[in-house]
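>>> return atomic coordinates for the entry below.
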Amino acid sequence: MIDEDVQESGKTPDRILEKIKKCLALAKSDNPHEASSALRQASKLMAMHNLSMSDVDASTIGQTTAKTGDAKHRMPAAWLLQLAHLIGSSFECTILAGKSTRDGQSVVFVGPKGSTELAAYAFVVMRRQLEQARKAFTKTLPSEMYQGAKRRCGDKFVDGWIYAVHTQIKDFAGIDETVTEAINAYMKKTHPDIEEMKPSRKGKAHRMSRADIHAVNAGIAAGSDARLRRAATAGPEQAKLMNPEAFRAPPAEQIQQGSLF
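Predicted coordinates:
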C-alpha cells in the first residue's frame, strides 16, 4: 500500500514495448543465431510502430510524487531538497519540483520504475523522522533563548542530521550511466521544458558558536540513528540506511568550521 504522502504516476509500458525489450534482451545472447534473430525482430517492431531506442529507454522510467509537508512556501526549503537528492541518488532517481497545492509542496522522483516509489517512501519516512527530531531538540533549548537563536540552532541540528544520513549512503549513491540515458530520454519525451531541481549551495563556511556546535552534534547523533522501517523491498545497498555501522562521525575541526558537506 502506498503511503498517503506518496502518489504514483507514469504509464505502464504497453505490450509492444515489452516485446521489444524482451527481444533486445535476447539480442545479448551468447547464441549468435538467437541474438541475430531477436535483434531483427526488435528492429522490425520498432520500425512498424515508429519507435526509437529513446522511446524504448524512456518506457523503463517512471515518476512518483512525495509531499514535503511544507505548506508555507512556494518552493521546498533547501534542507528538503537536500534530503530529497540524498535519498533520490541512492535509488538512481533525479528530482523535479511538484505542483504547489493547498496541501503544500511536493518533490517528484524520476527513475527506474519500482525505484521511484521506494525513493518517495524513503523520503517521506526520513522527512518525518527529521521533523520530529528537530522539534524534540528545540524543546531542550533554554527557555530564555530568543526565537531567532532557536531557529538557527534548529537549522544547525538539521545540517548535522542530514550529514549523518549522507555519510550512510554516500558510498553507494549515484546514477548508472545507462539509467541516466534512460532518464534523459524520458525527460525529453514527457517534460521537455523542465530541469532537474538541485539544492542551492551554501554560503561561505564560517566558524560557529558553542550553541551551533552543540546543535550540529545533536543532529549528527540523532541522524546516525535514522532508519527506514521497511527493509523488505529495498536492495542490499539501500538497506545500508538501516545499518548503524555505516555511520562515521566527522572530525571536530570540520564541525567547528561549519563545513560538513
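
>>> any idea how far the residue most central in space within the chain is from residue 148?
By Cα atoms, centre = their mean, the chain has its centre lying nearest to residue 88, at 1.7 Å. To residue 148, residue 88 is 32 Å away according to Cβ to Cβ, to the nearest Å. No exception for glycine: its C-beta is placed from N, CA and C like everyone else's.

>>> make sure the residue nearest to the centre of the chain is indeed in a helix.
Yes - counting by DSSP: H, G, I helix; E, B strand; the rest coil, residue 88 is located in a helix.

>>> residues in contact with it?
Counting by Cβ atoms under 8 Å, 6 or more residues apart in numbering, residue 88 touches 94-95, 109, 111, 119, 123.

>>> now, among the residues you listed, which is nearest to residue 164?
residue 123 (16.0 Å; Cβ to Cβ).

>>> is the closest one in contact with residue 108, as I believe?
No - Residue 123 is beyond contact range of residue 108, at 10.7 Å (criterion: Cβ atoms under 8 Å).

>>> of the two, who's got more company?
residue 123 (28 against 24; other Cβ atoms under 10 Å).

>>> in terms of helices and strands, where is the more buried one?
Assigned by DSSP states H and E, residue 123 belongs to helix 115-138.

>>> what packs against that helix?
Helices and strands touching helix 115-138, by 3 or more Cβ pairs under 8 Å, 6 or more residues apart in numbering; DSSP states H and E, are strand 6-9, strand 61-67, helix 78-90, strand 106-112, helix 147-169, helix 210-223.

>>> dump the C-alpha coordinates for whichever helix or strand residue 22 is part of into PDB.
For residue 22, the host element (DSSP H and E) is helix 15-26. C-alpha atoms of helix 15-26 as PDB (Å, rounded to 0.1, in the frame of the first residue of the first chain):
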ATOM      1  CA  ARG A  15       2.500  -4.800 -24.900                       C
ATOM      2  CA  ILE A  16       4.600  -3.700 -27.900                       C
ATOM      3  CA  LEU A  17       7.300  -2.000 -25.800                       C
ATOM      4  CA  GLU A  18       7.500  -5.100 -23.600                       C
ATOM      5  CA  LYS A  19       8.000  -7.300 -26.600                       C
ATOM      6  CA  ILE A  20      10.700  -5.100 -28.000                       C
ATOM      7  CA  LYS A  21      12.600  -5.000 -24.600                       C
ATOM      8  CA  LYS A  22      12.500  -8.800 -24.500                       C
ATOM      9  CA  CYS A  23      13.900  -9.000 -28.000                       C
ATOM     10  CA  LEU A  24      16.700  -6.600 -27.100                       C
ATOM     11  CA  ALA A  25      17.500  -8.600 -24.100                       C
ATOM     12  CA  LEU A  26      17.700 -11.800 -26.200                       C
END
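
>>> which of the residues in it are buried?
17, 20-21, 23-24, 26 (16 or more other Cβ atoms under 10 Å).

>>> which SSE is immediately downstream of that helix?
Next element after helix 15-26 (DSSP H and E): helix 32-48.

>>> so, low pLDDT: which residues of the stretch 151-261 of the chain?
Along the stretch 151-261 of the chain, the parts satisfying pLDDT under 70 run over 170-174, 197-206, 227-261.

>>> which non-adjacent residue is nearest residue 83?
residue 162 (5.9 Å; Cβ to Cβ, 6 or more residues apart in numbering).

>>> and that neighbour, how far is that from residue 38?
Distance from residue 162 to residue 38, by Cβ to Cβ: 46 Å.

>>> looking at these two, which is more packed in?
The neighbour comparison of residue 162 against residue 38 (other Cβ under 10 Å) goes to residue 162, with 22 against 19.
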